[in-house]
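A.B. asks: make a model of this:
(2 chains)
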Number of protein chains: 2
Amino acid sequence: MQKLENLLERIIRRLNLNLRSFDFDAGPYLRECIPLPQLLKFYGFYAVSAHHPIHFHFSNSNLAGSYFLGKCRVENAILYKSDIRGDELKCKGDAFQHRNFKLTLDQDELIWIADSFLIKTLVHNRSHDPENPEIYHIRNSAACHYANIHGAPMEGSFLGAFSTADLTALHGCVLGSYAYVQAGELWHQKIEPGQVWINHYNNFDFKYQFPEAVLERYVQFTAGNPPRGLFMDFIESRKPDFRKVFDVVNLDPSTSVPESSSASRYAVIKPETHIGENVLVAQRAYIENSALGNGTNAQENCFIINSKLAGNNVTAHGAKIINAVLEEKAFVGFNSLVRGAPDTPLAIGRGTVIMPHTIIDVEAPLSIPAGQLVWGYISTPDELATHSLALQDLEKTTSGLNIGRMEFRGSGPRFVASFRNRIEHILEANGAYFDGTGRRGHGQKSQNVSYNIIQAYPFGPRQGIYPTIDIQP
Amino acid sequence: MQKLENLLERIIRRLNLNLRSFDFDAGPYLRECIPLPQLLKFYGFYAVSAHHPIHFHFSNSNLAGSYFLGKCRVENAILYKSDIRGDELKCKGDAFQHRNFKLTLDQDELIWIADSFLIKTLVHNRSHDPENPEIYHIRNSAACHYANIHGAPMEGSFLGAFSTADLTALHGCVLGSYAYVQAGELWHQKIEPGQVWINHYNNFDFKYQFPEAVLERYVQFTAGNPPRGLFMDFIESRKPDFRKVFDVVNLDPSTSVPESSSASRYAVIKPETHIGENVLVAQRAYIENSALGNGTNAQENCFIINSKLAGNNVTAHGAKIINAVLEEKAFVGFNSLVRGAPDTPLAIGRGTVIMPHTIIDVEAPLSIPAGQLVWGYISTPDELATHSLALQDLEKTTSGLNIGRMEFRGSGPRFVASFRNRIEHILEANGAYFDGTGRRGHGQKSQNVSYNIIQAYPFGPRQGIYPTIDIQP
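C.D. replies: Numbering: from 1, shown residues only, chains lettered A, B, ... in the order given. Reported below is the predicted structural model:
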């Protein structure tokens, strides 16, 4: 395992060098997170699909349990149970606009991960780095359990457990656990644990900070220990179901899936689950005793349990919906928890937006009206008032407002429009609007996929390192 | 599936061109043998091992169900449930001698399969083509069900079902079903079905021809139909056990395997089976209710059922041993059937050599003494006399002898020495003589293997074609 140990130390050294201004040492986080023998137990898998450009190259890496789709390159990296999903990469000839700058891509975009350690991390979308539109680069970086790297190329950055970098290029940044950032570009900045921050240059700024006591209960992540807390406990309790799914090479769906929908054979789908038309259930999604209405999507690492989703619902990467009833187009953002009591399901109204990194965890009956924006932490019905706002009220703000721990500055209408556009884009991209011939999205394009299963050297000095593999059409 | 259909026709065209002097049409054999949808059902798998050079490249091919080990290259080929086992390839720097010619290899040997269709075929050993010592080439060729290509590079050749090309370079040859040839080099020659022929240039010549009626019962293979007969019936009846083995990604052994031995996780091993020290059980071997004594090997496609093998027994590729008791060093050659009655096991004495392509299928008690050479077809005990000879009697012959349908010419001592050397080489290569530190062979080197599982495009014009893959250390 000498080479694998060397690789881990190489990554830590390079990351620490990038973060020297913070005097940050990633070592104690990364060395203890995943015991090295754990990296020998799982296979990597590459999706072979006629709908996506096929080009996969990796060398001197460990890909234990990781999934790859589309044009990817991995070098000197450890990717543990991560999802590298290149189905929204830009194509050769596409125009790319950044403020006033316009570029045309001269090659298909590539996800290129080098000298990095990703743990149970989702990598999706495309590079929003205007300087590198053809390369979605992740280098000299680390991301811990259930981090989301979404349209966020990065170098020399560290993402804590359950953090999300969204549509943001990161250069030498540290994101604390359960921090969410969507800010375009950041240089040498540290985002505190539990900070939710959206900044659109010259347009608006949204900030919320989780109370420390809440974070401690849901996500604790300290140097020298793997993450702990209610999120980890919840996920761990569902692990045995995933084991069964990963043990076999090919697997037929356990439930009926309409022709316009797709459910990954690497998802767990338990009875009694109903899947509607134009639905996407991604790999590593967990669905149990729930109805997914037409046009709904269930992204990687999401859980939907004892719930009804009326239709066109987005369940973003890492979102957990339990004992809830969602009306049409209710949106649940990254790594949010939306949990009602078993006997009184939490009701979420039509078009309501549960912001990324929101925790609604109530034992009492709660009904969230239609058209709301919801953020932060809600544990009792009366906390809703200080953690939500009607979208149409937000649209009236042009300067700013403070509600509870939330601060908003800038243009309300632009914020709301930005969210609405994004939700429409997500539904469109996922194939919610497929009409039988046109407007195909992931729900339709993810059908009929086969997988190449990739394993490491089983012993010797290269133990745990995967042979160099290059896959092309 | 257009590309796959084109590929099949391309192979047939090129093979027929090579065999034009025989006016041979491979089309009716190959088109009907495997319905194309069958080629979409199975994955290929490449062994990742620290003991063997890793280099695997393939393009524009279908590898359904096929296994690969070592340095292999596959282009424009269909390999259906075949075993490409590159664990006896020559290495860079090795000396290669052919009669008076001596060469030193300037690169590691490569198995290179191009424009060929192999069906349930074993490819093993190394190139014995003196003109191409670094490339074990199989091109413009086809091999049908359970053919063995053993140290037999070939171009433009057709191998019928259950035939074996052993240590022979073939150029534009046709081997009939169940034909066995070991003749160094052959050009534009046709070997009749059921012919067993060993020719060592200037040294000896052994020939046996199976009666037509026996062939008809055991192996029938006519244009337009897949092979039929007792061999196929027997193998088909055991298929469901293999399905279970192939369905899961990783599998722990179902029986205890000593540290000095290895049993492929792609073998079927059923109770009550005992595996001794220094044993090799290869992938696609089937063992049931049997004891494999120390130093025994069970090669690809072999079956060992209700039998006891005392030790240092070779069960060559495709050999079937049922209701039999073998003493030390009894050898059973390629595609032989050795079957006693359930209540009176067939006994085979110490050091007895069951020639490749021998059928011993008796209902009555039969005991074959030690030190015999056995060939041909034996269905009753009294047929033994005309199908065997003591090795020490053969050693007394310097000109030749005829026994039953067997003709021998040349030097008996050289024939016996050649067989003895070969059996010793096989035992050595398989690790039968491993002493805890030295003399390692396949039995020890085949432990701790992981597999890359390779799948085809699941639909579209490329359906059934595997993406181009290159694997290196």
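A.B. asks: my guess is A:Ser388 meets A:Trp375, correct?
C.D. replies: Yes. The pair A:Ser388 / A:Trp375 is scored as a contact, 7.3 Å apart, by CB atoms under 8 Å. In this view, the C-beta of every residue, glycine as well, is placed from N, C-alpha and C.
A.B. asks: now do the helices in the stretch 1-150 of chain A.
C.D. replies: A:2-18, A:27-33 (DSSP state H, counting those that start in this stretch).
A.B. asks: those helices into TSV, with extra columns for mean pLDDT and distance to A:Trp197?
C.D. replies: Putting these into TSV (pLDDT from 0 to 100; distance: least, CB to CB, whole Å) gives the following:
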stretch	mean pLDDT	distance to A:Trp197
helix A:2-18	95	21
helix A:27-33	91	22
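A.B. asks: and these: which comes nearest A:Glu134?
C.D. replies: helix A:2-18 (22.6 Å; CB to CB).
A.B. asks: which outside residues touch the closest one?
C.D. replies: A:24-27, A:30-31, A:36, A:39, A:60-62, A:76-78, A:115-117, A:140-142, A:155-158, A:172, A:461-465 (CB atoms under 8 Å, 6 or more residues apart in numbering or on different chains).
A.B. asks: tell me which residues form a beta bridge with A:Leu309?
C.D. replies: Following DSSP bridges, A:Leu309 is listed with bridge partners A:Leu292, A:Leu326.
A.B. asks: count of residues packed around it?
C.D. replies: 30 (other CB atoms under 10 Å in any protein chain shown).
A.B. asks: A:Leu366 contacts A:Glu383, doesn't it?
C.D. replies: No. Using CB under 8 Å, A:Leu366 is not in contact with A:Glu383; the gap is 9.4 Å.
A.B. asks: what about those two, which has more around it?
C.D. replies: More crowded of A:Leu366 and A:Glu383, by other CB under 10 Å: A:Leu366, with 22 against 16.
A.B. asks: and the more buried one, how far is that from chain B?
C.D. replies: 43 Å (CB to the nearest CB, to the nearest Å).
A.B. asks: list phi and psi for the nearest residue to that residue once chain neighbours are set aside.
C.D. replies: Nearest residue to A:Leu366, sequence neighbours excluded (CB to CB, 6 or more residues apart in numbering or on different chains): A:Pro381, at 4.7 Å. Here is the backbone geometry of A:Pro381 (degrees, to the nearest 10): phi -50, psi -30.
A.B. asks: state the pLDDT value of A:Pro381.
C.D. replies: Note on A:Pro381: pLDDT of 96.
A.B. asks: residue contacts, it?
C.D. replies: A:362, A:364-366.
A.B. asks: for those residues, work out which two are farthest apart.
C.D. replies: So, the contacts of A:Pro381 by CB to CB: farthest apart are A:Val362 and A:Pro365, at 7.9 Å.
A.B. asks: buried residues, stretch A:151-168. List them.
C.D. replies: Buried residues in stretch A:151-168, defined by neighbour count with 16 or more other CB atoms under 10 Å in any protein chain shown: A:151-168.
A.B. asks: among these, name the ones in helices.
C.D. replies: The helices, defined by DSSP state H, take in nothing from these.
A.B. asks: quick one: contacts of stretch A:422-434?
C.D. replies: A:88, A:260, A:277-278, A:280, A:294-297, A:312, A:314, A:316, A:329, A:331, A:353, A:439-445.
A.B. asks: if any of those residues are buried, put those into a PyMOL selection.
C.D. replies: PyMOL command restricting the contacts of stretch A:422-434 to the buried ones, with burial defined by 16+ other CB under 10 Å:
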select buried, chain A and resi 88+260+277+278+280+294+295+296+297+312+314+316+329+331+353+440+441+442+443+444+445
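A.B. asks: can you tell me which of the contacts of stretch A:422-434 end up in helices?
C.D. replies: Filtering the contacts of stretch A:422-434 for helices - DSSP H - leaves A:442-445.
A.B. asks: for chain B, what are the nearby residues on chain A?
C.D. replies: A:43, A:48-50, A:54, A:246-250, A:448-463, A:466-473 (CB under 8 Å from any CB of the partner chain).
A.B. asks: mind running it again at 7 Å?
C.D. replies: When proximity is defined by CB under 7 Å from any CB of the partner chain, chain A lies next to chain B at A:43, A:48, A:50, A:54, A:247-249, A:448-460, A:462, A:467-473.
A.B. asks: ok, back up a step: which of the contacts of helix A:2-18 are buried, as a ChimeraX select command?
C.D. replies: In ChimeraX, this line selects whichever of the contacts of helix A:2-18 come out buried by 16+ other CB under 10 Å:
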select /A:24,26,27,30,31,36,39,60,61,62,76,77,78,115,116,117,140,141,142,155,156,157,158,172,462,463,464,465
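A.B. asks: next step: the contacts of helix A:2-18 restricted to strands.
C.D. replies: The strands, defined by DSSP state E, take in A:78, A:117, A:142, A:155, A:158 from the contacts of helix A:2-18.
A.B. asks: quick check: the farthest pair among those?
C.D. replies: A:Ile78 and A:Glu155 (16.9 Å).
A.B. asks: what is the nearest of the contacts of A:Pro381 to B:His128?
C.D. replies: A:Val362 (76.3 Å).
A.B. asks: my read: that closest one touches A:Glu383, true?
C.D. replies: No. Between A:Val362 and A:Glu383 there is no contact under CB atoms under 7 Å: 8.7 Å.
A.B. asks: re the thing from before, now, which of the residues of chain A next to chain B lie within strands?
C.D. replies: Using DSSP E, the residues of chain A next to chain B in strands are A:48, A:450-454, A:468-472.
A.B. asks: present these as a markdown table; the columns should include neighbour count and pLDDT.
C.D. replies: Formatted as a markdown table, these follow (neighbours: other CB atoms under 10 Å in any protein chain shown; pLDDT from 0 to 100):
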| residue | neighbour count | pLDDT |
| --- | --- | --- |
| A:Val48 | 24 | 92 |
| A:Ser450 | 24 | 92 |
| A:Tyr451 | 26 | 94 |
| A:Asn452 | 26 | 94 |
| A:Ile453 | 20 | 94 |
| A:Ile454 | 28 | 94 |
| A:Thr468 | 17 | 94 |
| A:Ile469 | 24 | 94 |
| A:Asp470 | 16 | 95 |
| A:Ile471 | 22 | 94 |
| A:Gln472 | 14 | 92 |
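A.B. asks: closest one of those residues to A:Val268?
C.D. replies: Nearest to A:Val268 among those, with distances taken as CB to CB, is A:Tyr451, at 16.5 Å.
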